[in-house]
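In: The following comprises the amino acid sequence and a computationally predicted model.
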Amino acid sequence: MARGLFVTFEGGDGSGKTTVIHELEKRLDKLQISYLHTREPGGSVIAEEIRNIILDRKNTAMDKRTEALLYAASRRQHLVEIVFPALKEGKIVLCDRYLDSSLAYQGYARKIGMDEVYSINLFATENTLPDLTFFLDLPPKEGLLRIAKNKEREVNRLDLEKENFHQAVYEGYQLLLKRYPERIKRIDARKSVDEEVEEIEKILLPRIKQG
Ligand code: TMP
């Protein structure tokens, strides 16, 4: 059976994933490489509804395990409806966040434990890991400054967390970089968008050609 390439993008809030993916899309379009761009939490109608519950600023009473389960539920639905069919058709899937976000945010920063969060995600994903992950590395302070400057961005429940939460998320990602050195590639997000995308292309294009 043909199998596409599952590529995910990770980073703290304000690390610029969305902008970088958009720029990458333009380059892939020029090269006439087709892909599917999607995101988590969300990416399908049901998963977007779950996203709204998770990120609603009114839901301040949400328990951290409930939060982890909702992210996993949204992930499951999105995989089944969007990602699995695309991969089966041999497509390249570019996904803005995936499982590593749950490990860094819920597992490490919320202190549930990375292994516990991994275990519910094992159930949700049937052990589906990305083929390749780009981590956009930006010190959390800089990410928060970028968010503050971006007036168009809607502030969600997780954005309201204090700086030490975002610092913990960052530390969680550093652990993941050590745990999955083959899969997760670090991209310096203090560089220009063009430079970041060039680095990503250098790693991604040979993988696409291999496929
Ligand atoms: P976004 O701003 O990249 O769309 O993501 C929404 C927020 O959800 C962001 O603060 C990261 C957070 N998040 C988690 O905490 N766990 C997860 O598993 C995912 C996918 C996102």
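Out: Nice, I can see it. Numbers count the residues shown, from 1 in each chain.

In: And the strands in the protein, which stretches?
Out: Under the criterion DSSP state E, the chain contains strands at 5-11, 35-39, 92-96, 132-137, 184-188.

In: nearest to residue 121, of those strands?
Out: strand 5-11 (13.0 Å; C-beta to C-beta). C-beta here means a position set from N, CA and C on the backbone, and glycine is covered the same way.

In: And the closest one, what does it pack against?
Out: For strand 5-11, the packing partners by 3 or more C-beta pairs under 8 Å, 6 or more residues apart in numbering; DSSP states H and E come out as helix 17-30, strand 92-96, helix 99-102, strand 132-137, helix 193-210.

In: With mean neighbour count and distance to residue 113 added, can I get the ones you listed in a markdown table?
Out: Formatted as a markdown table, these follow (neighbours: other C-beta atoms under 10 Å; distance: least, C-beta to C-beta, whole Å):
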| stretch | mean neighbour count | distance to residue 113 |
| --- | --- | --- |
| helix 17-30 | 16 | 25 |
| strand 92-96 | 22 | 24 |
| helix 99-102 | 26 | 12 |
| strand 132-137 | 22 | 21 |
| helix 193-210 | 14 | 31 |
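
In: Tell me which of these lies nearest to residue 157.
Out: helix 99-102 (14.4 Å).

In: what does that closest one contact?
Out: 8, 10, 40, 68, 71-72, 75, 117-118, 121, 125, 129-130, 133, 135, 173, 176, 184 (C-beta atoms under 8 Å, 6 or more residues apart in numbering).

In: Please list only the buried members of those residues.
Out: 8, 10, 40, 68, 71-72, 75, 117, 121, 125, 130, 133, 135, 173, 176, 184 (16 or more other C-beta atoms under 10 Å).

In: out of those residues, which one sits closest to residue 194?
Out: Using C-beta to C-beta, residue 135 is the member of the buried ones among the contacts of helix 99-102 that sits closest to residue 194, with 18.7 Å.

In: May I see the strands of the chain organised as a markdown table, with distance to residue 194 and mean pLDDT added?
Out: Output for the strands of the chain, formatted as a markdown table (distance: least, C-beta to C-beta, whole Å; pLDDT from 0 to 100):
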| stretch | distance to residue 194 | mean pLDDT |
| --- | --- | --- |
| strand 5-11 | 17 | 98 |
| strand 35-39 | 19 | 97 |
| strand 92-96 | 18 | 98 |
| strand 132-137 | 14 | 98 |
| strand 184-188 | 12 | 98 |
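
In: okay if I get those strands as CSV plus distance to the ligand?
Out: Listed next are the strands of the chain as CSV, based on distance: least, C-beta to the nearest ligand atom, whole Å:
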stretch, distance to the ligand
strand 5-11, 8
strand 35-39, 6
strand 92-96, 6
strand 132-137, 11
strand 184-188, 15
